[in-house]
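Engineer: Okay, sequence plus prediction incoming.
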4 protein chains.
Amino acid sequence: MKIDLNCDMGESFGTYTLGMDEAIIASISSANIACGFHAGDPQVMGRTVKLAVDHGIAIGAHPGFPDLMGFGRRNMACSDEEIEAYLIYQIGALQAFCTAHGARLRHVKPHGALYNLAVGNESLVRSIARAIARIDTSLFMVALAGGKAERMAAIAHEEGIPTLFEAFPDRAYTAEGTLVARRLPGAVIHDAEEAAARAVRMAVEGVVLAVDGTVVPLAVHTLCVHGDNPNGVTLAATIRARLEAAGIEVRPRTEPLKRL
Amino acid sequence: MKIDLNCDMGESFGTYTLGMDEAIIASISSANIACGFHAGDPQVMGRTVKLAVDHGIAIGAHPGFPDLMGFGRRNMACSDEEIEAYLIYQIGALQAFCTAHGARLRHVKPHGALYNLAVGNESLVRSIARAIARIDTSLFMVALAGGKAERMAAIAHEEGIPTLFEAFPDRAYTAEGTLVARRLPGAVIHDAEEAAARAVRMAVEGVVLAVDGTVVPLAVHTLCVHGDNPNGVTLAATIRARLEAAGIEVRPRTEPLKRL
Amino acid sequence: MKIDLNCDMGESFGTYTLGMDEAIIASISSANIACGFHAGDPQVMGRTVKLAVDHGIAIGAHPGFPDLMGFGRRNMACSDEEIEAYLIYQIGALQAFCTAHGARLRHVKPHGALYNLAVGNESLVRSIARAIARIDTSLFMVALAGGKAERMAAIAHEEGIPTLFEAFPDRAYTAEGTLVARRLPGAVIHDAEEAAARAVRMAVEGVVLAVDGTVVPLAVHTLCVHGDNPNGVTLAATIRARLEAAGIEVRPRTEPLKRL
Amino acid sequence: MKIDLNCDMGESFGTYTLGMDEAIIASISSANIACGFHAGDPQVMGRTVKLAVDHGIAIGAHPGFPDLMGFGRRNMACSDEEIEAYLIYQIGALQAFCTAHGARLRHVKPHGALYNLAVGNESLVRSIARAIARIDTSLFMVALAGGKAERMAAIAHEEGIPTLFEAFPDRAYTAEGTLVARRLPGAVIHDAEEAAARAVRMAVEGVVLAVDGTVVPLAVHTLCVHGDNPNGVTLAATIRARLEAAGIEVRPRTEPLKRL
């Protein structure tokens, strides 16, 4: 049994440092690297790709809206054509740093508002998938597990690329398999052991315990952890330790995906 | 006999239009496409790559300083590491649009202040060449013909890439084979037939008539024309017509270069 | 009788030219000058303020979303605090150029998506009005005439500033006094004489002929014309000529406004 | 006897935090606030002005080159007209936040490469001074004490504004009264007591002990401290305590300056 642990990285910019990339990298198996639109800059991208290569983990592009001031977290009404062009641009830029370091890009995970808007917006999902497919049909698209995941994967499949489903061990889920909104009480799980237990259950059983006590099936290929604060780093290390203790190998999925 | 005619393209940005790309493209054999730092945006890049593909001309990346407000024409004191990262980023972004359109990037021509600063700055030339080489050692670097050209090509060769020498048929040259500064009288040749005659002589004889009346040897692989104004478009069409009338084929150099 | 004719100006950026500012300025009585977020740059702002001062017309700030690539035409989900800060920043920057040229800022007209979103979004209107009021309570806020105009003015009044209602003589109106969406046939009136006749009726009678043939009351202080194309310039000149021929003085409103 | 203690503040941007503004503010008497070009954003500017107002300290604009990625530390070859426009823009933006918070801008201190380039570049000094003078002739320009300071002040005086001379208690000085370059050993003084002793001597005697052991006269109005790291905060607190213990009042100079 195996599961991927991913983390957003390379979010520093110029003189500004964000994220504890060097601390979290020992715990994860794939890095989503910002591409300069919502965070990251060319030097940071190069350094982060090198860091990932040095640690032998998989590399993904983490493209976002062109909104550095808002960190890509604000919805922007971009057309499908704009989204497609913005993704080709950002993925290509990161891909070149991979080439420069002898690595190969493996996946693309949209960032922030772009990631959230894609859930349930079929036209947007298609634009994202098409951009990826036009660059390399062996790249995985990462999409939120549960709810709309199967439909998003179907669209990506039509465009020619495989999809990885992502879940959040430190986030509460509804009985419908969707994330509890961050503003609601209990939305974020701060206890490392509790998050780790949820991670193990996601990986082993493919389920999550919802806030109403029901056990919800959740097909998951990759678990997201956070390296932007010391608690996140501890939480990631605990998750990895508990996964390995449970006999689960932490590693990126690289072989062709069969539909779950 | 053959020669390449190149033009900077894709310099529009958002709502702003710059350059008569559709008018000049019939006259040229390779396009240097802006990459979003000094000009161009992802949609413009995609459209311009498509335009070049539709016309069967060669595609080059045209990276510049991160200075949209100054159109990349202002010197910026960037470190070698910054330059290398900025080039990898921009070239990679354009390369992805080439891939998306089934095309292959052929060359890299630095823009504006970056191009000018490279003449005679060995450390900068090395950074540029290294960035290119780290992405694809079959890419050509474009450098100003005459003066420092051989030394620049030697550095690029050490880094693993070939160099194309570029000349300007509508610019006056000194007896040393360098460009007469733009601010001096007579620096720019506005007469299309005169520019065309100079282009033919560059292509056939490998020389240019300097302002002091001497005939200066000038090894040239590609001639630069301008599409940012109607006169430039006329001038380019005239140059092409006169080159072809002289039996010179206008086409990009794609085979491995022997040192001149 | 009098009316103001306004036009968006100063939308060039760096090497990019947009708008025929020098051609349209003879026809208008107030200029809305872009402030560097969606268009304009510091040099363009200085030159445009000087142009307005030289022609003795009123000056307004034309702030927009921080989205140069989208020309401020894309909705962005900014918080009220962000909007307020963005407006204070942009208005202050333009105000300094007014001071530098011995002029005084008179009004603030939000641009593009920000202007459109404000219609019917009370929280956004309040943020805009508050930003203006915190800088200078003698500044006018410009809002779309008809429909929500009275409610927007009431909010601005609560925040301490007066409002000017703006109408578009070259746009079709519904029977409810709202603009016909641009994508619908007949939404834009291209005939200069027809637009001028509508402008006169707006100024003299305070009404507009709607697409269904009804005559709709429309309280208007300022009419918007466009200088981004030759037809717009002609249309503006025609409107001004017909207004003056009808005995209407074209000039900005500067005295304290009584509620209409 | 009195002296001003100033610190660069408001250098955070979007999601990125830089500087310990809340920690250092108790030690200083004036704040130089970034204006959005090299650092800072509109929300950060508003919050930082409020912080300064709440602590009753003087507020200055801290404008820089338009180079967020390089934090304004890279030389850019801007024309005098560009510099003047960039300063008017940035100062105006900050001034509006001062107005919004009922405060008054007191001084302008160029940032980074712009500050350093101004030392000895008379044309650049004149552009900076002219921009300030065009906005408000009661604003002080801040310039590096020693060496070129008198000449810079003379130029500013010609343009109509007064100058404040700034010294760095934690930096080594040459016998000529210039800063020892950062890359040289001993250029930065890390010991808080030593820096504080130098600060007292600067304030009381108007001299600095140079690296060669000579005592160099140094006319100083304001001392710069740093809040971007914990050591800087401690150093600032120590300097303030030692200044006050020596009977020197720490406060901004607000009265008209007599030439030293």
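Structural biologist: Great, that's in hand.
Engineer: so which strand or helix has the residue of the stretch 101-250 of chain A found nearest chain D?
Structural biologist: Nearest residue of the stretch 101-250 of chain A to chain D, counting by CB to the nearest CB: residue A:228, 9.2 Å away. (C-beta placed from N, C-alpha, C; glycine too.) Assessed by DSSP states H and E, residue A:228 sits outside every helix and strand.
Engineer: Now it: closest residue in space that isn't a chain neighbour?
Structural biologist: The shortest distance from residue A:228 to any non-neighbouring residue, by CB to CB, 6 or more residues apart in numbering or on different chains, is to residue A:19 (5.0 Å).
Engineer: Kindly report the same for residue A:81.
Structural biologist: residue B:43 (6.5 Å).
Engineer: Any buried residues in the helix or strand hosting the one you found, and which?
Structural biologist: For residue B:43, the host element (DSSP H and E) is helix B:42-54. Residues of helix B:42-54 classed as buried by neighbour count (16 or more other CB atoms under 10 Å in any protein chain shown): B:42, B:43, B:44, B:45, B:46, B:47, B:48, B:49, B:51, B:52, B:53.
Engineer: go on, stretch A:152-167?
Structural biologist: Buried-residue list, stretch A:152-167, by 16+ other CB under 10 Å: A:152, A:153, A:155, A:156, A:159, A:161, A:162, A:163, A:164, A:165, A:166, A:167.
Engineer: and that stretch with chain B, contact?
Structural biologist: No. Stretch A:152-167 lies apart from chain B when judged by CB under 8 Å from any CB of the partner chain; the minimum separation is 12.6 Å.
Engineer: what's the offset of that stretch from the middle of its chain?
Structural biologist: 14 Å (CA atoms, centre = their mean, to the nearest Å).
Engineer: Can you get me the start-to-end distance on that stretch?
Structural biologist: Start to finish, the residues bounding stretch A:152-167 are 15 Å apart (CA to CA, to the nearest Å).
Engineer: what's the answer for stretch A:94-105, then?
Structural biologist: 8 Å.
Engineer: Equivalent analysis for stretch A:110-127, please.
Structural biologist: OK, stretch A:110-127 end separation, CA to CA: 12 Å.
Engineer: So what's the gap between that stretch and the chain middle?
Structural biologist: On the basis of CA atoms, centre = their mean, stretch A:110-127 sits 13 Å off its chain's mean C-alpha point.
Engineer: about what we covered before: please report how far the residue of the stretch 101-250 of chain A closest to chain D lies from residue A:39.
Structural biologist: 11 Å (CB to CB, to the nearest Å).
Engineer: Which of these two has more residues huddled nearby?
Structural biologist: Remark: of residue A:228 and residue A:39, residue A:39 carries more neighbours, 29 against 17, as counted by other CB atoms under 10 Å in any protein chain shown.
Engineer: ok, the more buried one touching residue A:73?
Structural biologist: No. The criterion here is CB atoms under 8 Å, and residue A:39 misses it with residue A:73 at 10.3 Å.
Engineer: Please name the bridge partners of the residue in the stretch 1-150 of chain A that chain D sits nearest to.
Structural biologist: At 3.6 Å from chain D, residue A:16 is the closest residue in the stretch 1-150 of chain A, using CB to the nearest CB. Counting by DSSP bridges, residue A:16 forms beta bridges with residue A:13.
Engineer: ok, now which ones touch residue A:31?
Structural biologist: By CB atoms under 8 Å, 6 or more residues apart in numbering or on different chains, residue A:31 lies in contact with A:6, A:7, A:9, A:10, A:25, A:48, A:51, A:52, A:57, A:58, A:59, A:60.
Engineer: try residue A:71
Structural biologist: A:38, A:39, A:112, D:14, D:15 are the contacts of residue A:71 under CB under 8 Å, 6+ apart.
Engineer: Could you pull up phi and psi at the third one?
Structural biologist: Summarising the backbone geometry of residue A:112 under the convention degrees, to the nearest 10, its torsions are phi 50, psi -120.
Engineer: Please apply the same query to the last one.
Structural biologist: The phi and psi values for residue D:15, taken as degrees, to the nearest 10, are phi -80, psi -10.
Engineer: measure it to residue A:72 for me?
Structural biologist: Separation of residue D:15 from residue A:72 (CB to CB): 9 Å.
Engineer: Overlap of the contact sets of the two?
Structural biologist: Both residue D:15 and residue A:72 are contacted by residue A:39, under the criterion CB under 8 Å, 6+ apart.
Engineer: Neighbour count for the two, which is higher?
Structural biologist: Higher neighbour count among residue D:15 and residue A:72: residue A:72, with 26 against 18, using other CB under 10 Å.
Engineer: That one against residue A:35, yeah?
Structural biologist: No. With contact defined as CB under 8 Å, residue A:72 does not count as touching residue A:35 (10.1 Å).
Engineer: and for those two, which residues touch both?
Structural biologist: residue A:64.
Engineer: dump the residue contacts of the residue minimising distance to the centre of chain A.
Structural biologist: What sits nearest the mean C-alpha location of chain A, by CA atoms, centre = their mean, is residue A:109, with 5.1 Å. Residue A:109 sits next to A:6, A:8, A:32, A:60, A:61, A:62, A:115, A:141, A:142, A:166 when contact means CB under 8 Å, 6+ apart.
Engineer: Of these - the most surrounded one?
Structural biologist: Among the contacts of residue A:109, the one with the most neighbours (other CB under 10 Å) is residue A:62, at 34 neighbours.
Engineer: Check the secondary structure at the closest residue to it other than its chain neighbours for me.
Structural biologist: Nearest residue to residue A:62 in three dimensions, chain neighbours excluded: residue A:32, at 3.8 Å (CB to CB, 6+ apart). With DSSP: H, G, I helix; E, B strand; the rest coil as the basis, residue A:32 sits in strand.
Engineer: my guess is residue A:32 contacts residue A:11, does it?
Structural biologist: No. Using CB under 8 Å, residue A:32 is not in contact with residue A:11; the gap is 9.7 Å.
Engineer: Who does the longest strand along chain A pair with, and is each partner parallel or antiparallel?
Structural biologist: Longest strand of chain A, by residue count under DSSP state E: strand A:2-9. Paired neighbours of strand A:2-9 in the sheet (DSSP bridges): strand A:30-34 (parallel), strand A:222-225 (parallel), strand A:249-250 (parallel).
Engineer: could these be laid out in CSV, adding distance to residue B:243 and mean pLDDT?
Structural biologist: Below are the strands paired with strand A:2-9 laid out as CSV (distance: least, CB to CB, whole Å; pLDDT from 0 to 100):
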stretch, distance to residue B:243, mean pLDDT
strand A:30-34, 46, 98
strand A:222-225, 56, 98
strand A:249-250, 62, 96
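Engineer: Name the stretch among those that sits most buried.
Structural biologist: Per residue and on average, the most neighbours among the strands paired with strand A:2-9 fall to strand A:30-34, with a mean of 28 (mean count of other CB atoms under 10 Å in any protein chain shown).
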